[in-house]
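Novice: Next input, structure requested:
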Amino acid sequence: MQNDFPADSPTLGDNVRICAAPETEAKGLDGLAGQVYGQTTPSVTGVEVIGELTSDYAINVFFADRNESFWFAAKLIEFIDHGAGTEVTLKGVDKKWIRTATGEWLEESTATE
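Specialist: Next comes the predicted model:
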């Protein structure tokens, strides 16, 4: 397998839907919508991936209703939108990042004066 993160693949903050396939149906995940929380190279991280990998790349999807996430082969993920309005903060950092409808992240200061 080659190590490639596809440029057109969903990324952090994107909303996605899980495609119907025997492996997603078996876990009751087919058709569920969630948010991308990360991507990885499974050969390095050793994560358990749902679906057959065609490259050394997997996507983590978080399901708020279930309060859990799973790693998926990219072919089982369907893009919905960029999750506009999603905010990301880091503890100890006086900034936040807000996702736009086009998929960009806008940085804002959260420092109080």
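
Novice: what are the bridge partners for the nearest residue to I77 once chain neighbours are set aside, then?
Specialist: The shortest distance from I77 to any non-neighbouring residue, by C-beta to C-beta, 6 or more residues apart in numbering, is to V16 (4.9 Å). Bear in mind the C-beta positions are built from the backbone N, C-alpha and C, glycine included. Taking DSSP bridges as the rule, V16 bridges to G34, F79.

Novice: Please determine how far the residue most central in space within the chain is located from A111.
Specialist: By C-alpha atoms, centre = their mean, the chain has its centre lying nearest to V36, at 1.7 Å. In this structure, V36 and A111 are 29 Å apart, going by C-beta to C-beta, to the nearest Å.

Novice: Please apply the same query to G103.
Specialist: Distance from G103 to A111, by C-beta to C-beta: 26 Å.

Novice: Tell me which of these two has more neighbours.
Specialist: G103 (15 against 8; other C-beta atoms under 10 Å).

Novice: quick one: contacts for that one?
Specialist: T11, G13, D14, H82 (C-beta atoms under 8 Å, 6 or more residues apart in numbering).

Novice: how about a cut-off of 7 Å?
Specialist: Listed by C-beta atoms under 7 Å, 6 or more residues apart in numbering, the contact partners of G103 are H82.

Novice: Helix, strand, or coil at it?
Specialist: coil (DSSP: H, G, I helix; E, B strand; the rest coil).

Novice: Provide a list of residue ranges in the chain with pLDDT below threshold.
Specialist: Residue ranges of the chain with pLDDT under 70: 1-7, 113.

Novice: if we go to 50?
Specialist: Residues of the chain meeting the criterion pLDDT under 50: 1-3.

Novice: This structure: strands as residue ranges?
Specialist: Applying DSSP state E to the chain gives strands spanning 15-18, 33-40, 49-50, 58-63, 68-73, 77-81, 87-89, 95-99, 105-109.
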